[in-house]
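Visitor: pasting the sequence and the predicted model now:
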Amino acid sequence: MAKFPKDFLWGGATAANQYEGGYNEGNKALTIADVTTSGSHTEPRRIGWVIPETGETGVYKMEFGKPVQFPQGAIPCVMEGEYYPSHQATDFYHHYKEDIALMAEMGFKTFRMSIAWPRIYPDLESEQPNEEGLQFYDDVFDELKKYNIEPLVTMAHFEIPIDLVMKYGGWANRKVVDLFVKFSTTIMNRYKGKVKYWLTFNEINMMEHMQISTIGLMQVNDQLKAEAAYHQFLASALTVKAAREIDPEMQVGMMLAYQPIYGETCDPYDQLLALKIAQEQFLWYADVQVGGQYPNYKLKEYERNGVQLDIRDGELELLKQYACDFLSFSCYGSGVQGTHENGGKASGNGLSGRVNPYLESNAWGWATDPECLRIALNQLYDRYHKPLWIVENGIGWADVLEEDGSVHDDYRISYLQKNIKSMRDAINLDGIPLMGYTMWGCIDLVSAGTGEMKKRYGFVYVDMDDEGKGTLKRYKKDSFYWYKKCIESDGEDLD
Ligand code: P53
């Protein structure tokens, strides 16, 4: 019988800035997400800015993959009359009991969520964490415990406190390492015995494509990006070190945005391009954070581009000694790269390159690949030999709520059937040690890429629209019952 192991961690995934809301409650300070407007598939999300000395104002458009460039001296600000989807999001802050009960009803063994840094340290420099923020997550963990749901906690999920940008210039500043480690140490100490699994930085490699919301840079060049990456690696290693001291039971994972990259043809130059793109966009980050050292191809690239890192005594040893315990990743599909003229550009998630004629796409152009998980799992295990965890996978769709409160999301069920089967084959046929699977956006939440509500991923529909109108009432979609059955049968019954 094709099944998953009994202790497999089935569940769903979320992030504070897209799900939690309560943006100014409980003494929480503002983040970059809180000043980022909504967008659409065709219109980028926007951030207003002002130059305090001159009073000049303007709007920055967050185009995926385009290096961030605010004017010199500009600081982000809230624009009058704009709608900011993170402020209320789908209000986990006030609905956590109801939502966790729904997760339990589906049979979740684990729930991935993130802690909002500025809830814990509204004043980044304070020695005193904010008790109200700490208490909120205590309540959430206690609620999860009631149902034996194991939390998986991301420490930084596109969560950049505004002060980090304004006072420190983001992650290119070495001081930020200490601020982050103070935060990570505080939460690990506080939630010792309640939280065993941690992730340091969500999709650390997304700093290649969107620097403002990942590393808090308002202008970028190769040198600054390299420094920011180095500082996050150091912060990750120091967090692993602290975890070992606080509780040897804790496990800290890295989190990589990953997808297999196919060469468009068997032309060796297409294959070479696919390999180089995979190294540049994904693999070098894991080589450091999981493998414990900078790969030669990255060092050569830095040399060619005149990038220099300020590496101090003992730091390379830290990266090696405190590499992450496991590798978690997001994977929604796959990408295609080619050197020949005929390839059409994929309109999807910015990682995908060209159109793959063998695959279907959703309305946002994200191609769905039935074997991406098995291929990804094999590629990553062959390279790192560490336990893996798929912490994001799923499909965004403009779901329709029927009059009777039902949502018929057969496209989501069909996507999950294929993806979960592929993952099951990786375990049973290839022997991959896979710890768990958390489907992205298990309860509907705000899209990171577009800021829309319309792009829904959940098993549970939340009544809220792109203008922030709605009752926030929760409705079970058809996929809710399907996932419940899947978990109940240990992944055997996927029909
Ligand atoms: P949305 C782009 C490409 C791959 C993963 O994305 C990405 C993105 C950002 O758009 O982000 C991850 O909401 C991320 C989540 C995000 C999810 O994928 O744009 O970790 O925060 O919501 C899905 O459809």
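Guide: Thanks, I have it.
Visitor: what phi and what psi does the backbone show at Y461?
Guide: phi -80, psi 130 (degrees, to the nearest 10).
Visitor: tell me where the longest helix sits in this structure.
Guide: Scanning the chain for the longest helix, with DSSP state H as the assignment, gives helix 222-246.
Visitor: residue ranges with poor pLDDT in the protein?
Guide: By pLDDT under 70, the weakly predicted segments of the chain are 1, 343.
Visitor: what does it put close to the ligand?
Guide: 15, 18, 158, 202-203, 257, 330, 349-351, 392, 396, 440, 447-450, 455 (C-beta under 6 Å from any ligand atom). Just so you know, the C-beta spots here come from the backbone N, C-alpha and C atoms, and that holds for glycine as well.
Visitor: what subset of those residues is buried?
Guide: 15, 18, 158, 202-203, 257, 330, 349-351, 392, 396, 440, 447-450, 455 (16 or more other C-beta atoms under 10 Å).
Visitor: so which of the residues of the chain next to the ligand are in helices?
Guide: Those of the residues of the chain next to the ligand lying in helices (DSSP H): Q18.
Visitor: give me the subset of the residues of the chain next to the ligand lying in strands.
Guide: Mapping the residues of the chain next to the ligand onto strands (DSSP state E) picks out A257, S330, E392, W440.
Visitor: tell me which residue is most central in this structure.
Guide: N202 (4.1 Å; C-alpha atoms, centre = their mean).
Visitor: can you show me the strands along the stretch 101-250 of the chain?
Guide: 110-114, 150-156, 197-201 (DSSP state E, counting those that start in this stretch).
Visitor: confirm that K485 sits in a strand.
Guide: No. With DSSP: H, G, I helix; E, B strand; the rest coil as the criterion, K485 is helix rather than part of a strand.
Visitor: state the distance from the spatially closest residue to it that is not a sequence neighbour to N349.
Guide: Once flanking residues are discounted, K485 sits nearest to D493: 5.6 Å by C-beta to C-beta, 6 or more residues apart in numbering. Taking C-beta to C-beta, to the nearest Å as the measure, D493 falls 30 Å from N349.
Visitor: equivalent analysis for I204, please.
Guide: Distance from I204 to N349, counting by C-beta to C-beta: 17 Å.
Visitor: what of Y461?
Guide: 23 Å.
Visitor: swap in Y96?
Guide: Taking C-beta to C-beta, one finds Y96 at 29 Å from N349.
Visitor: Y302 now?
Guide: Using C-beta to C-beta, one gets 27 Å for the distance from Y302 to N349.
Visitor: same question for V252.
Guide: 27 Å.
Visitor: one more: D369?
Guide: Separation of D369 from N349 (C-beta to C-beta): 12 Å.
Visitor: so who does the residue of the chain found nearest the ligand touch?
Guide: Residue nearest to the ligand within the chain (C-beta to the nearest ligand atom): G449, separated by 2.6 Å. Contacts were defined as C-beta atoms under 8 Å, 6 or more residues apart in numbering; by that measure G449 touches F64, N349, G350, W364, K455.
Visitor: same question for T471.
Guide: Listed by C-beta under 8 Å, 6+ apart, the contact set of T471 reads D463.
Visitor: using the three-state scheme, assign it.
Guide: Strictly by three-state DSSP, T471 counts as coil.
Visitor: I figured the residue nearest to the centre of the chain hits T14, correct?
Guide: No. Using C-beta atoms under 8 Å as the test, N202 is too far from T14 to be in contact (11.1 Å).
Visitor: which residues do the two both contact?
Guide: S114.
Visitor: ok so, going back, just the closest of the contacts of G449 to E280, please.
Guide: Minimum distance to E280 across the contacts of G449 is 13.9 Å, recorded for G350 (C-beta to C-beta).
Visitor: how about that closest one, phi and psi?
Guide: phi 90, psi -10.
Visitor: what about the nearest residue to it once chain neighbours are set aside, neighbour count?
Guide: Leaving out its chain neighbours, the residue that sits closest to G350 by C-beta to C-beta, 6+ apart is F64, at 4.1 Å. Applying other C-beta atoms under 10 Å, we find 14 residues neighbouring F64.
Visitor: wait, what's in contact with F64?
Guide: Here F64 is in contact with P44, H209, M210, N349, G350, G449 (C-beta under 8 Å, 6+ apart).
Visitor: right, and the fourth one touches W366 too?
Guide: Put plainly, it is N349. Yes. Under the criterion of C-beta under 8 Å, N349 makes contact with W366 at 5.3 Å.
Visitor: so what sits against both of these two?
Guide: Residues touching both N349 and W366 by C-beta under 8 Å, 6+ apart: Y332, G333.
Visitor: out of the contacts of F64, the closest to L283 would be?
Guide: Of all those, H209 has the smallest distance to L283: 15.6 Å, by C-beta to C-beta.
Visitor: residues contacting Q88?
Guide: Contacts of Q88 by C-beta under 8 Å, 6+ apart are G21, G22, Y23, M464, G468.
Visitor: if we go to 6 Å?
Guide: G21 (C-beta atoms under 6 Å, 6 or more residues apart in numbering).
Visitor: any idea how far G133 is from it?
Guide: 18 Å.
Visitor: same question, D490
Guide: Using C-beta to C-beta, D490 is found at 37 Å from G133.
Visitor: neighbour-wise, which of the two wins?
Guide: Using other C-beta under 10 Å as the criterion, D490 and G133 rank with G133 on top: 23 against 16.
Visitor: so for that one, what's the nearest residue that isn't a sequence neighbour?
Guide: Per C-beta to C-beta, 6+ apart, closest to G133 is R119, 3.4 Å.
Visitor: quick one: that neighbour and L30 touch, right?
Guide: No. Taking contacts as C-beta atoms under 6 Å, R119 lies outside contact range of L30: 11.2 Å.
Visitor: those two - which one has more neighbours?
Guide: R119 (27 against 19).
Visitor: who's in contact with V220?
Guide: Going by C-beta under 6 Å, 6+ apart, V220 touches P67, V68, Q211.
Visitor: my read: the last one touches L217, true?
Guide: Yes. With contacts defined as C-beta under 6 Å, Q211 counts as touching L217 at a distance of 4.4 Å.
Visitor: tell me, what's touching the two both at once?
Guide: Common contacts of Q211 and L217 (C-beta under 6 Å, 6+ apart): V68.
Visitor: elements contacting the helix or strand where R304 lies?
Guide: Assigned by DSSP states H and E, R304 belongs to helix 296-305. For helix 296-305, not one helix or strand is in contact under the criterion 3 or more C-beta pairs under 6 Å, 6 or more residues apart in numbering; DSSP states H and E.
Visitor: put the alpha carbons of that helix into PDB.
Guide: Taking Å, rounded to 0.1, in the frame of the first residue of the first chain, the C-alpha atoms of helix 296-305 are listed here in PDB:
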ATOM      1  CA  ASN A 296      33.300  28.200  -5.400                       C
ATOM      2  CA  TYR A 297      31.100  29.400  -8.200                       C
ATOM      3  CA  LYS A 298      29.700  32.100  -5.900                       C
ATOM      4  CA  LEU A 299      33.100  33.200  -4.700                       C
ATOM      5  CA  LYS A 300      34.300  33.400  -8.400                       C
ATOM      6  CA  GLU A 301      31.200  35.500  -9.200                       C
ATOM      7  CA  TYR A 302      32.000  37.900  -6.300                       C
ATOM      8  CA  GLU A 303      35.600  38.100  -7.500                       C
ATOM      9  CA  ARG A 304      34.500  39.000 -11.100                       C
ATOM     10  CA  ASN A 305      32.100  41.700  -9.800                       C
END
